[in-house]
Every structure is written in C-alpha cells, then in structure tokens.
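Asks: missing the sequence, but the structure's below:
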C-alpha cells in the first residue's frame, strides 16, 4: 500500500508549497515507509508526492516516474498506488509497438498506454490502482482510480488550488 498526494496551484506556488508537500508526505508515511519521492515544478505550480511500499520493482520502482519517448514526445510525470494485474502482457505488447521502459515498476505501463491511446488508455487497465499523470505538453492533470475504488483517491478544488491524495487528511 503506497500513498500519493499532490497539489496544483499555478497562481499560488511559493516557497511554502514545498513545505506543505513535505507535510503531506509525512501524513502518508504509514502507507509507504520504504521511501518517498517528490516532483516540484514552480513554473507549473505543481507538487507531486509518492510514499513507497516496495512490492514490485524493488530495485527500480522509485516514483515519480518520468515519461519521455525516444521521439521526444510525452513529457509526462506519474505517481501511482496500486497493482496492475496484467502489466507483463501489456508491457510485452507495448514493447512490440516500440515503447521502451525505464523501470521494472508495473506502474510505468500507464504512462506508455496514455502516450499511445490518450485518455482512452484507462480501458486497457485492470487491477486496483489510483494514480496521477501530469502532461506538461497539454497542461493537463489526470487522476485515475480503479473502477471499484479499491485504492482510494480523494480530491479538493479550492481557492488555493487543486489538492489530491490517497487519504483525506
């Protein structure tokens, strides 16, 4: 059980944003004691957080995961919590289509599927998951949760920005 959280506040990013993100990560420590990762982008007003419980991709599963394809497209950032049941099959199909993988994490397939299929990529996913992808080229934040809500994902839109997380704290 990992944890994800973040905030997107293009007009209000400040030095306090990174301190707030660290506090958010502290609140999720019990969901992922094996490590934590951050992505900060003041120009985008974005902070993405991941707390990690190592299950798959023990040596190469750190997050956020960054996706840029060899053709230069797909400036993407991913934080994920969950398990993708058929990731080995999907990884094989994507490799056949020329996609390369930078990690052994099952979560990376979501970046490649998004790059290939756009928002329809969720139709290819099976499992229990909650994740976020930030598409820098499109200035788009995508939040996805499995169909049954096994992995929770909460969000709030307020005057200080858009916030999300695995827990409502």
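Replies: Looks like it arrived, so ask away. Given the structure is predicted, the values throughout are model-derived calculations rather than measurements. Numbering: from 1, shown residues only.
Asks: drop to CA atoms for contacts and neighbour counts, all remaining ones
Replies: Will do.
Asks: What are the buried residues along the one helix or strand in the chain whose mean pLDDT sits lowest?
Replies: Using mean pLDDT, DSSP states H and E, the weakest-scoring helix or strand in the chain turns out to be helix 15-27, at a mean of 88. The neighbour-count check on helix 15-27 (16 or more other Cα atoms under 10 Å) flags 17, 18, 21, 22, 24, 25, 27 as buried.
Asks: which non-adjacent residue is nearest the first one?
Replies: Counting by Cα to Cα, 6 or more residues apart in numbering, residue 17 lies nearest to residue 47, which is 7.6 Å off, once chain neighbours are set aside.
Asks: quick one: average confidence on stretch 44-57?
Replies: In this model, stretch 44-57 has an average pLDDT of 82.
Asks: Where do the strands of this protein begin and end?
Replies: With DSSP state E as the criterion, the chain has strands at 3-8, 35-41, 46-52, 65-67, 76-84, 127-135, 140-145, 154-158, 161-165.
Asks: And those: which comes nearest residue 109?
Replies: strand 76-84 (8.6 Å; Cα to Cα).
Asks: For that closest one, what does the pLDDT average out to?
Replies: 94.
Asks: Touching it from outside, list them.
Replies: For strand 76-84, contacts defined as Cα atoms under 8 Å, 6 or more residues apart in numbering pick out 1-4, 48-50, 63-68, 106-108, 111, 125-136, 151.
Asks: of those, buried ones?
Replies: Among those, those buried by neighbour count (16+ other Cα under 10 Å) are 1-4, 48-50, 63-68, 106-108, 111, 125, 127-135, 151.
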